[in-house]
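Peer 1: Need the 3D shape of this:
(2 chains)
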Amino acid sequence: MVGALGASERAALRQLARHELPRLYALARRLGGVDAEDLVQETLLRACRSFGSLRDLAAGPKWLTTILTNTWRDWLRKDLREPDAVPVEEDGPFSLYRIIEEEDPFPYSDTLHVDMLGAFSEHDVREVLQRVPPHYRLTLVLRYIEGYAATEVAEMLDRPRGTVMSQLHRARQRFEREMWAYAGESGLLAGAATTGALRGEREDGS
Amino acid sequence: MAPMGCGEAVSQLWEFLDDGLGATDHRRVEEHLAWCLRCCGEVAFARELRGLLRTRTGITLPDDVRGRLEHLIDGMGEGTEERSWT
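Peer 2: Below you'll find the model as predicted:
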């Protein structure tokens, strides 16, 4: 059970929740690892409980995002999936741009970098995102999909800005590495030689 | 200070695009990009990749899920909300 709100508060909360619903659901799906509908439900219930703490209704979308991401982190922690844990062995430097140049997966193309990105459908990009570890995926989603500034992400996650910048850097490299591996495994790139190179890269680098 | 090499520049490109570098490092990357065509290509690619993340991860809210969540919203603030899954 949740405490009752006054009529005007109730109307404001419902309007905010209704307006933000598609975005919250998409955010929950992108974060992954839990049932998106359950996550949005719990977010709305928590928002209802703490609506009195929201001083500026204009900040409502960001406030809901913070509640959803905190709920997601709580749930992953409960399942021992450690959303905030950073691997002991960090990935080494990786540049998708350079490896495309070196491996030349589209030998007859003058625009191989564009071709590489063009090979990825929406489904493929979502799949790659789910391969990225949760703590990196969270920062990537908040910064580059939701469009929050690094300072805002730091506030939302209650972390120093420098830590968020450093995580974004590693998250981007991990995303690029997973794109390259996924492209090889999913046959997005033509050529057996390329596939062999991709496998070698994955064994050496991740 | 020594000119920035490609390795250092590449490692800082997204932070550069995010305005996440200090003034000195930002200027050093800019100086590097002024003469390094290859790293300019990296910058353009990084921009494309960020765009891909933003534009190719679209997810639509299914009607049935929308219906259940809107039902929950309709009762919000009455003091009677309960999880629909309990």
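Peer 1: quick one: the strand or helix carrying A:Arg170 near chain B?
Peer 2: Using DSSP states H and E, A:Arg170 maps to helix A:161-185. Yes - residues of helix A:161-185 contacting chain B under CB under 8 Å from any CB of the partner chain: A:165, A:168-169, A:172, A:175-176. Quick note: C-beta positions are derived from backbone N, CA and C, even for glycine.
Peer 1: which one of those residues has the most neighbours?
Peer 2: Greatest neighbour count in the residues of helix A:161-185 next to chain B, by other CB atoms under 10 Å in any protein chain shown, goes to A:Arg172: 25 neighbours.
Peer 1: In stretch A:113-126, which residues are buried?
Peer 2: Neighbour counts over stretch A:113-126 (16 or more other CB atoms under 10 Å in any protein chain shown) mark A:113, A:116-117, A:119-120, A:124-126 as buried.
Peer 1: hang on, I meant stretch A:146-158
Peer 2: Neighbour count says stretch A:146-158 has A:146, A:148, A:150, A:152-154, A:156-157 buried, by 16+ other CB under 10 Å.
Peer 1: any idea how far A:Arg137 is from A:Gly92?
Peer 2: A:Gly92 is 20 Å from A:Arg137, where distance means CB to CB, to the nearest Å.
Peer 1: Going by how many neighbours each has, rank those two and give me the top one.
Peer 2: Under the criterion of other CB under 10 Å, the comparison of A:Gly92 against A:Arg137 puts A:Arg137 first, with 21 against 10.
Peer 1: Reduced to three states, what does the more buried one come out as?
Peer 2: Secondary structure assignment for A:Arg137 (DSSP: H, G, I helix; E, B strand; the rest coil): helix.
Peer 1: coming back round to it: the helix holding A:Arg170 - what's its average pLDDT?
Peer 2: Mean pLDDT, helix A:161-185: 91.
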